[in-house]
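Asks: Just a sequence and a predicted model for now, questions to come.
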Amino acid sequence: MDFKPCVNIRKEWDIVGARQLGREQAKEVGFGTVDQARIATAISELARNIYLYAGKGKICFEVINEFDHKGLKISAIDQGPGIRDLNQVMQDGYSTSGGLGAGLPGVKRLMDHFEITTEVDEGTQIHTIKWLR
Amino acid sequence: MRIPILKLHNYLLISIQIDLDDQTAIQFQEDLLNKIHKSGATGVVIDLTSVDIIDSFIAKVLGDVVSMSDLMGARVVLTGIQPAVAMTLIDLGIHLQNVTTALDLEQGLIKLRQELEA
């Protein structure tokens, strides 16, 4: 495991900051342009969710270097209101904010690994990984 | 930040060359509709050649601006969507089905002319 920088998400512009840093990290790890776009887009969705629903939180990056594969782990952590109905949120087209409802199910498709833990009034943690092929 | 909107005869041309944040995208939506209203433009090309990420929010803003312009009587063509952006949008489940697209600015103008003269 390498260093683990985080970007705080407090204002709207931080969404752009987080995805730009994510793209740089993805490039460094060796991802091609398509996967760079996938990773940056996933970060954008995760950061926007934090900004919209939790108000503040952070996006963290971690380069994973295992003996046979390498990847980039993106974590989205907030102490917001949590998600009451996780099944609903993971459905395509579900949105409470007037968006396209592509957010979390979209992130799951963009990345290779996706896990979410959420507790009402405690917050939400999402960990995703993209493996380098 | 404001995105410049250029007028060419009865067309409006926009080339988005920055990493779009939400506020800039919303501002652009409003600016474009006002410009259509003021100029009486009948066709709009939004070129996305330099855009390397479109997330669900930006996609919604773009899709909406196409529908809004349509309501006002102006056709919009999106051009230059990069391969990586197209792949990412489909992964996200966003198909932008009612949106006219073209490979580049030139093809976009040809398509607009065809649609407006049809």
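Replies: Great, that's in hand. As the structure is a computational prediction, the values presented were derived from the model and not from experiment.

Asks: Quick one: name the residues of chain B near chain A.
Replies: Chain B comes close to chain A at residues B:19, B:21-23, B:52-57, B:59-60, B:82-85, B:87-88, B:91-94, as judged by Cβ under 8 Å from any Cβ of the partner chain. (Glycine included, C-beta is placed from N, CA and C.)

Asks: Out of these, name the ones that lie in helices.
Replies: Those of the residues of chain B next to chain A mapping onto helices are B:22-23, B:56-57, B:59-60, B:83-85, B:87-88, B:91-92, per DSSP state H.

Asks: can those residues go into a markdown table with extra columns for neighbour count and pLDDT?
Replies: Compiled in a markdown table, these are given as follows (neighbours: other Cβ atoms under 10 Å in any protein chain shown; pLDDT from 0 to 100):
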| residue | neighbour count | pLDDT |
| --- | --- | --- |
| B:22 | 19 | 91 |
| B:23 | 12 | 92 |
| B:56 | 23 | 92 |
| B:57 | 23 | 92 |
| B:59 | 23 | 94 |
| B:60 | 20 | 93 |
| B:83 | 10 | 97 |
| B:84 | 20 | 97 |
| B:85 | 21 | 97 |
| B:87 | 17 | 96 |
| B:88 | 28 | 95 |
| B:91 | 20 | 92 |
| B:92 | 25 | 90 |
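
Asks: In the chain, mark out all the strands, start to finish.
Replies: Just going to use chain A. Counting by DSSP state E, one finds strands in chain A at the ranges A:6-9, A:57-65, A:70-78, A:113-119, A:123-131.

Asks: Switch to chain B, please.
Replies: Using DSSP E, the strands of chain B run over B:6-8, B:11-15, B:43-47, B:75-79, B:100-102.

Asks: Determine which residue of chain A is most distant from the centre point.
Replies: residue A:67 (24.6 Å; Cα atoms, centre = their mean).

Asks: who touches the closest residue to residue B:103 other than its chain neighbours in this structure?
Replies: Closest residue to residue B:103 apart from its sequence neighbours, by Cβ to Cβ, 6 or more residues apart in numbering or on different chains: residue B:79 at 6.9 Å. The contact partners of residue B:79, by Cβ atoms under 8 Å, 6 or more residues apart in numbering or on different chains, come to B:45-49, B:101-105, B:107-108.
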